[in-house]
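# When you get a sec, could you give me coordinates for this:
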Amino acid sequence: MRVYPAFFRVVFSGMDPEKAHKIGFDLIKAAALTPAGPVMRRFMRPSPKLRVRALGLDFPSPFGLAAGFDKEGSGIVPLTNMGFGHVEIGTVTGRAQPGNPKPRLFRLVEDRAVINRMGFNNDGAAAVAPRVARARRMLERAWGQNRPIIGVNIGKTKTVDLADAVDDYLTSTRELAPQADYLVVNVSSPNTPGLRLLQNIDSLRPLLSAVSETADAAAGRHVPLMVKIAPDLTDEDIDDVARLALDLGLDGVVATNTTVTRENLVTDPHKVMDCGVGGLSGAPLRRRSLEVLQRLHAALGPNGPVIISVGGVETAADVRERLAAGATLVQGYTAFLYEGPFWAARINRQLARSGK
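Purely as a prediction, here's the structure:
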């Protein structure tokens, strides 16, 4: 099971990161089409002891895959075969867009971190929605009632002016809410110009209110709605988001996205500078993500909206730490690139042994 890190060093570490990601993801999807797919699902599915009730949904495990890995909903079922209790796809925008110019993804191997400025490259909400619907049907057939959960993360199209951002989010909402188990409004990526300005409470309130109303109307049911925030917010900003979540009756908060800071790195500073701008994810984000979680949990209260904690999560011990600090669900992403296809299943086994 631990052969993958050596394989990564030999095969993937010298390869362009975006190319390596595509090859790895294509292999995961190809395996799901062979007899290995059902076998993987059987042996990697989480123990029933790990089931969690959150957002009015039953999650097979508290541990899931964060948005960013599957940007377009093309590999939801194969990824659930890896043992993730939920898969959050996206970020999906109202219109298709190619993202930022390449290169736009960089590894900091010494730090077990990644810098990305992908720029929400995706096929657009209208193309992604049927994929999500198809994946839900397939999961229901394969898993029954205790299937993995599908979250959909939506963001602003780059070419849309901030003044028109609400309408752009609503385009995605109408297409994707009927298919999603839950929705996440992403206002915290550093790679779309001006996007983080929407974290301002005066901008965030009308956006979330409109998305909530539109999502429920489009789906004909309540679609759990969350907002994803940056780790770079001040403590006062975090408190403001918490008050807004309580005031609007939001279902939850995802904390946190990537950071624009370059703190706690051991990689040569010149190499880091050569990567340029972008969001940093991975192990260096662990401390700040935990701090945001603790602050958010204190502000929301023990019976408040759900918190999904993400940022620097690598091990079962990290997951337990986040759950103990107030998270209901935990996500990972960057460590998946370094740990390989057995990562989620290994975390689930260790969680089950320890009773979470």
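
# which residues are in contact with the one helix or strand I308 maps to?
Assigned by DSSP states H and E, I308 belongs to strand 306-310. For strand 306-310, the surrounding residues in contact (C-beta atoms under 8 Å, 6 or more residues apart in numbering) are 54-55, 64, 66, 224, 226, 251-256, 289-290, 293, 296-297, 300, 322, 325-333. For glycine as for every other residue, the C-beta is placed from the backbone atoms N, C-alpha and C.

# Got a PyMOL select line for the buried ones in these?
Selection of buried members from the contacts of strand 306-310 for PyMOL, criterion 16 or more other C-beta atoms under 10 Å:
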select buried, resi 54+55+64+66+224+226+251+252+253+254+255+256+289+290+293+296+297+300+322+325+326+327+328+329+330+331+332+333
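
# Of the contacts of strand 306-310, which belong to helices?
For the contacts of strand 306-310, the ones inside helices are 289-290, 293, 296-297, 300, 322, with DSSP state H as the criterion.

# Can you add pLDDT and distance to I308 and give the residues you listed back as a markdown table?
Formatted as a markdown table, the ones in helices among the contacts of strand 306-310 follow (pLDDT from 0 to 100; distance: C-beta to C-beta, whole Å):
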| residue | pLDDT | distance to I308 |
| --- | --- | --- |
| S289 | 98 | 11 |
| L290 | 98 | 14 |
| L293 | 98 | 10 |
| L296 | 98 | 11 |
| H297 | 98 | 12 |
| L300 | 98 | 12 |
| R322 | 98 | 9 |
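
# can you give me the strands for the stretch 51-200 of the chain?
Taking DSSP state E, counting those that start in this stretch as the test, the strands found in the stretch 51-200 of the chain are 52-54, 57-59, 63-65, 86-93, 105-108, 113-116, 149-155, 182-186.

# Nearest to V77, out of the ones you listed?
Counting by C-beta to C-beta, V77 lies closest to strand 86-93 out of those; the figure is 9.0 Å.

# Enumerate the positions of the closest one that are buried.
Neighbour-count burial for strand 86-93, counted by 16+ other C-beta under 10 Å, picks out 86-93.

# So which other helices or strands are in contact with it?
Here strand 86-93 touches strand 63-65, helix 76-80, helix 125-143, strand 149-155, helix 165-176, strand 182-186, going by 3 or more C-beta pairs under 8 Å, 6 or more residues apart in numbering; DSSP states H and E.

# Dump the ones you listed to JSON lines, plus mean pLDDT and distance to E339.
Shown next, in JSON lines, are the helices and strands packed on strand 86-93 (pLDDT from 0 to 100; distance: least, C-beta to C-beta, whole Å):
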{"stretch": "strand 63-65", "mean pLDDT": "98", "distance to E339": "12"}
{"stretch": "helix 76-80", "mean pLDDT": "98", "distance to E339": "14"}
{"stretch": "helix 125-143", "mean pLDDT": "97", "distance to E339": "24"}
{"stretch": "strand 149-155", "mean pLDDT": "98", "distance to E339": "21"}
{"stretch": "helix 165-176", "mean pLDDT": "98", "distance to E339": "29"}
{"stretch": "strand 182-186", "mean pLDDT": "98", "distance to E339": "24"}
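
# what about these, which gets the closest to V109?
strand 63-65 (21.1 Å).

# Enumerate residues external to the closest one that contact any of its residues.
With C-beta under 8 Å, 6+ apart, strand 63-65 has contacts from 46, 50, 79, 84-88, 148-149, 151, 308, 319, 329-333, 336, 344, 347-348, 351.

# let's go with 6 Å and repeat that
79, 84-87, 319, 330-331, 347 (C-beta atoms under 6 Å, 6 or more residues apart in numbering).

# Check those against S172 and report the nearest one.
V87 (17.6 Å).

# looking at it, the closest one is touching V77, isn't it?
No: assessed by C-beta atoms under 6 Å, V87 is found out of contact with V77, at 9.0 Å.

# would a markdown table of the strands of the stretch 51-200 of the chain with distance to A245 be doable?
Below are the strands of the stretch 51-200 of the chain laid out as a markdown table (distance: least, C-beta to C-beta, whole Å):
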| stretch | distance to A245 |
| --- | --- |
| strand 52-54 | 15 |
| strand 57-59 | 18 |
| strand 63-65 | 20 |
| strand 86-93 | 18 |
| strand 105-108 | 31 |
| strand 113-116 | 27 |
| strand 149-155 | 17 |
| strand 182-186 | 11 |
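
# Packed most tightly, which of those strands would that be?
Highest mean neighbour count of the strands of the stretch 51-200 of the chain: strand 86-93, a mean of 29 (counted as mean count of other C-beta atoms under 10 Å).

# can I get the CA coordinates of that one in CSV?
Taking C-alpha atoms only, strand 86-93 is exported to CSV below (Å, rounded to 0.1, in the frame of the first residue of the first chain):
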residue,chain,number,x,y,z
HIS,A,86,-18.2,12.4,-0.5
VAL,A,87,-16.8,14.1,-3.6
GLU,A,88,-17.1,17.8,-4.0
ILE,A,89,-16.7,18.7,-7.7
GLY,A,90,-15.8,22.0,-9.2
THR,A,91,-15.3,24.8,-9.1
VAL,A,92,-18.0,25.1,-11.9
THR,A,93,-18.8,28.4,-13.5
